[in-house]
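Undergrad: Sequence plus the predicted model coming up.
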Amino acid sequence: MGDRWNIEVDRSLCIGSAQCVHLVPGAFRLDSAMQSHPAEPETDANERLLAAAEGCPVEAIMITLLGSGEPVFPPEE
């Protein structure tokens with residue numbers, strides 16, 4: 001069994017570019033304020049989700065390992 005991730009979007013950073021929605025249809029949704037949120041906050045590790053987090057222009061998407069909370073993206077400096 002592979003890693004499980006927790007996906008969060010920092011609403012104070014999200015600018016509603018919708019790049020995540022376009023990169024991973026169904027994994028992210030824009031709300032009425034045009035801010036992104038994950039459709040399923042707990043999910044299997046997935047390269048497309050990681051690409052969406054890396055492609056966010058304001059790095060509003062955070063991915064951590066479910067259970068341990070270890071950061072996947074953005075990586076700890």
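TA: Yes, it's here. All of these numbers come straight from a predicted model, not from anything done at the bench.
Undergrad: so where's this protein uncertain?
TA: For the chain, the stretches flagged by pLDDT under 70 are 1.
Undergrad: in it, which spans are strands?
TA: 4-9, 28-30, 36-38, 42-44, 61-65, 71-73 (DSSP state E).
Undergrad: biggest helix in this structure, by residue count?
TA: helix 47-55 (DSSP state H).
Undergrad: Could you pull up the residues touching the residue nearest the centre of the chain?
TA: For the chain, Ile61 is the residue whose C-alpha lies nearest the centre (CA atoms, centre = their mean; 4.0 Å). Going by CB atoms under 8 Å, 6 or more residues apart in numbering, Ile61 touches Ile7, Glu8, Val9, Asp10, Cys20, Ser36, Ala52, Ala53, Phe73. In short, each C-beta sits where N, CA and C put it, glycine included.
Undergrad: now swap in Asp44 and tell me
TA: By CB under 8 Å, 6+ apart, the neighbours of Asp44 are Gly2, Asp3, Arg4, Trp5.
Undergrad: ok now the longest helix of the chain, how far from the chain's centre?
TA: Centroid separation for helix 47-55 versus its chain: 7 Å, with CA atoms, centre = their mean, to the nearest Å.
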